[in-house]
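1. here are the coordinates; sequence isn't available:
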């Protein structure tokens, strides 16, 4: 058991970090591709590695293109919802520890 002051301090740190993660997870995806053009100007948005990934599933053939850069990470994912239609979603994240975790595990 921790002293009360230390317990309050640890709870406040944990609460702050949880709030930051929740704010990152609730960011809306870009629905207008023209916004990517404004975002893409500048050397900070260059990508050095590209991946093609697929999520194994018996029900859905979900796949994505993942681009990794020094400062940014971008995922463009395709999710089919029937034989003729699907959704394409693009998400751009900062290349930080939390951003890399979201980049690889929450898509």
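-> On my side now, so go ahead. Predicted, not measured: the structure shown is a model, and the values here were computed from it.
2. Now do the contacts for residue 87.
-> 78-79, 81 (C-beta atoms under 8 Å, 6 or more residues apart in numbering). Quick note: C-beta positions are derived from backbone N, CA and C, even for glycine.
3. Revised request: answer the last question for residue 104.
-> Residue 104 sits in contact with no residue, where contact means C-beta under 8 Å, 6+ apart.
4. Over to residue 3?
-> Residue 3 makes contact with no residue, according to C-beta under 8 Å, 6+ apart.
5. hmm, try it at 10 Å
-> Counting by C-beta atoms under 10 Å, 6 or more residues apart in numbering, residue 3 touches residue 9.
6. Show me what the longest helix along the chain is packed against.
-> Scanning the chain for the helix with the most residues, using DSSP state H, yields helix 4-25. Packing partners of helix 4-25 (3 or more C-beta pairs under 10 Å, 6 or more residues apart in numbering; DSSP states H and E): helix 97-105.
7. before we move on, back to that, which one of the contacts of residue 87 is nearest to residue 65?
-> Nearest to residue 65 among those: residue 78, at 8.6 Å, using C-beta to C-beta.
8. Residue 86 is in contact with that closest one, correct?
-> Yes. Residue 78 lies in contact with residue 86 (C-beta atoms under 10 Å); the separation is 5.5 Å.
9. circling back: would you mind listing the outside residues contacting the longest helix of the chain?
-> 1-3, 93-94, 96, 98-99, 101-102, 106.
10. Stretch 54-73 now?
-> By C-beta under 10 Å, 6+ apart, the list of residues contacting stretch 54-73 from outside reads 39-40, 42-53, 74-81, 86, 88-96, 99-100, 102-104, 107.
11. repeat that for 7 Å
-> Stretch 54-73 is contacted by residues 44-53, 74-80, 92-95, 99-100, 103, 107 when judged by C-beta atoms under 7 Å, 6 or more residues apart in numbering.
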